[in-house]
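Asker: Sequence and predicted model, in that order:
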Amino acid sequence: MAISSVFGLFQGTPQAQAPHVVLGTPIDAAIKGGQSEAVFGCGCFWGAEKGFWRLPGVVTTAVGYAGGSIQQPSYDQVCSGRTGHSEVVRVVWDTALIDFSDLLKLFWECHDPTQGNRQGNDRGSQYRSVIYADDSGLVALAEASRDAYQALLSSAGFGEITTELRSNQTLWYAEPYHQQYLAKPGSRPYCSAQPSGQRLGEFAGSAYKLDPRVWSSYDWTVAHCVLRGENAPIQLA
């Protein structure tokens with residue numbers, strides 16, 4: 001099954017989805033030619049989404065719930081920990097401008113994937129680390145990056161990566177007020193991410209496309225680091 005039939009067509013919540021607050025693109029559109037998509041979970045989805053939308057070449061992002069057992073879950077239901085859903089970010093990207101490797105680099109570096117059902121002070125299965133994609137090539141690349149990052153973490157004294165890699169997972173939109181939350185007036189500056197400080201380099205199958213200078217916009221040496229950056233996409237002089 002192609003990923004567009006699971007994520008791109010979206011089951012979604014009943015609420016209408018407004019355009020992306022920062023990028024101005026539809027957050028609920030099916031992918032087009034030259035685009036691809038995947039879903040990432042790495043703690044509270046507010047901060048995670050901001051980290052991804054800032055990357056050059058990202059077309060749109062949206063937050064939602066995936067990996068669970070009921071249809072159209074609400075935020076309160078997911079927070080109960082009884083639905084099995086994880087808070088996630090859907091990312092759509094232009095494959096000519098950015099590679100899945102770049103997204104994986106951000107994913108692994110922006111949180112601690114060894115923490116199981118929590119991230120920082122946020123505890124519960126809804127905060128677990130996940131990657132969902134239906135393209136077999138993307139799954140294989142995710143697995144290769146995981147193995148490479150595990151080697152880095154092990155050498156630094158961290159435990160085993162607990163990230164869940166799965167296919168055929170339906171994503172349900174989160175409520176509109178959660179979409180691009182950190183870019184909205186009056187938002188509470190919160191991010192649960194606890195980055196390990198380990199930087200992912202080359203790995204089997206990697207084909208980075210982003211200028212290495214992009215990564216200087218992220219400070220993975222401190223917790224809640226995404227809050228320190230601007231909301232606008234990263235632009236290099």
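Answerer: Cool, the structure landed.
Asker: My read is that Ile98 contacts Phe52, right?
Answerer: No - with contact defined as CB atoms under 8 Å, Ile98 does not count as touching Phe52 (10.4 Å). C-beta coordinates here come from the backbone N, C-alpha and C atoms, glycine included.
Asker: Find residues that contact each of the two.
Answerer: Residues touching both Ile98 and Phe52 (CB atoms under 8 Å, 6 or more residues apart in numbering): Val58.
Asker: beta partners for the spatially most central residue of the chain?
Answerer: Taking CA atoms, centre = their mean as the criterion, Phe40 is the residue nearest the geometric centre of the chain, at 3.4 Å. Phe40 has the following beta-bridge partners by DSSP bridges: Val89, Ile131.
Asker: Now do the contacts for it.
Answerer: Counting by CB under 8 Å, 6+ apart, Phe40 touches Ala48, Phe52, Val88, Val89, Val91, Leu103, Phe107, Val130, Ile131, Tyr132.
Asker: Distance check, the second one against Gln77.
Answerer: Computed as CB to CB, to the nearest Å, the Phe52 to Gln77 distance reads 25 Å.
Asker: More neighbours: these two, which one.
Answerer: With neighbours defined as other CB atoms under 10 Å, Phe52 and Gln77 compare such that Phe52 has more, 22 against 16.
Asker: what's the helix or strand for that one?
Answerer: helix 45-53 (DSSP states H and E).
Asker: Can you pull the poorly scored residue ranges out of this structure?
Answerer: 1-16 (pLDDT under 70).
Asker: Please enumerate the strands of this protein.
Answerer: Under the criterion DSSP state E, the chain contains strands at 35-41, 58-66, 86-94, 118-119, 122-123, 130-132, 164-166, 171-173.
Asker: any chance of these in JSON lines, with distance to Pro19 too?
Answerer: Below are those laid out as JSON lines (distance: least, CB to CB, whole Å):
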{"stretch": "strand 35-41", "distance to Pro19": "17"}
{"stretch": "strand 58-66", "distance to Pro19": "9"}
{"stretch": "strand 86-94", "distance to Pro19": "13"}
{"stretch": "strand 118-119", "distance to Pro19": "28"}
{"stretch": "strand 122-123", "distance to Pro19": "28"}
{"stretch": "strand 130-132", "distance to Pro19": "24"}
{"stretch": "strand 164-166", "distance to Pro19": "29"}
{"stretch": "strand 171-173", "distance to Pro19": "14"}
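Asker: Asn231 is nearest to which of the ones you listed?
Answerer: strand 58-66 (12.2 Å; CB to CB).
Asker: Could you please name the strands the closest one pairs with and the direction of each pair?
Answerer: With DSSP bridges as the test, strand 58-66 pairs up with strand 86-94 (antiparallel), strand 171-173 (antiparallel).
Asker: Figure out which of those is closest to Ser187.
Answerer: For these, proximity to Ser187 was assessed by CB to CB; strand 86-94 is nearest, at 16.0 Å.
Asker: what's the first-to-last distance across stretch 163-178?
Answerer: In stretch 163-178, first residue to last residue: 23 Å (CA to CA, to the nearest Å).
Asker: Show me which positions of it end up buried.
Answerer: Thr163, Glu164, Leu165, Gln169, Thr170, Leu171, Trp172, Tyr173, Ala174, His178 (16 or more other CB atoms under 10 Å).
Asker: and it, how far out from the chain's middle?
Answerer: Relative to its chain's centre, stretch 163-178 lies at 10 Å (CA atoms, centre = their mean, to the nearest Å).
Asker: Same check on stretch 39-54?
Answerer: So, by CA atoms, centre = their mean, the centroid of stretch 39-54 is 4 Å from its chain's centroid.
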